[in-house]
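>>> What follows is a predicted structure for the sequence shown.
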Amino acid sequence: MELSEDQKTHIANWIDAGETLAQIQKRITEEWNIPLTYMEARFLVDDLGLNFAKEEKPAAPEPKAEEGASDLEPVGGVQVEVDKLTRPGTVASGQVVFSDGKSAAWQVDPLGRLGLIPKEEGYRPSEEDLQEFQVALQQQLKPMGS
């Protein structure tokens, strides 16, 4: 399709004014008597090298703990993560990073006993970190019904 420079300028101005592709398609058809499908209008805009202003979309909400999708979430100086797929033989499992930067795997067995498996052999977190870890873990597991 051949458009005059004036028509190309009009299309660019419409885009700058915030019109949608559907509105531009309708204007071209009504004002210039050039019938276009939506796809043809899209190709035309692309061929002219024009871009629609990107609208800022609201940030996606953070996944909730009950969805099993939690990245390390800080609670004070301790970060707790719940595994999406629990380890075999456990009711719940995940990872924890303590305030000193050391990490461990954790698991809750079918009898409700909590176990820690430190990455560094012989590591024991401080009492404060353990308490903080238990509180954070309860917060994450409560919505999951565990």
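Received it, and whenever you're ready, just let me know what you need. Numbering: from 1, shown residues only.
>>> what's the helix ranked longest in the chain packed up against?
Identified as the longest helix of the chain according to DSSP state H is helix 127-141. Contact here means 3 or more CB pairs under 8 Å, 6 or more residues apart in numbering; DSSP states H and E; on that basis helix 127-141 packs against strand 73-75, strand 78-82, strand 92-97, strand 103-108. Using the backbone N, CA and C atoms, a C-beta is placed for each residue, glycine as well.
>>> Which among those is found nearest to Trp32?
For Trp32, the closest of the helices and strands packed on helix 127-141 is strand 73-75, at 55.9 Å, according to CB to CB.
>>> In the chain, where is pLDDT below threshold?
For the chain, the stretches with pLDDT under 70 are 54-76, 145-146.
>>> can I see the domain layout of it?
Domain assignment for the chain, taken from automatic domain parsing, gives 5-47, 65-144.
>>> Out of those, which is closest to Ala53?
Per CB to CB, nearest to Ala53 of the domains of the chain: domain 5-47, 6.6 Å.
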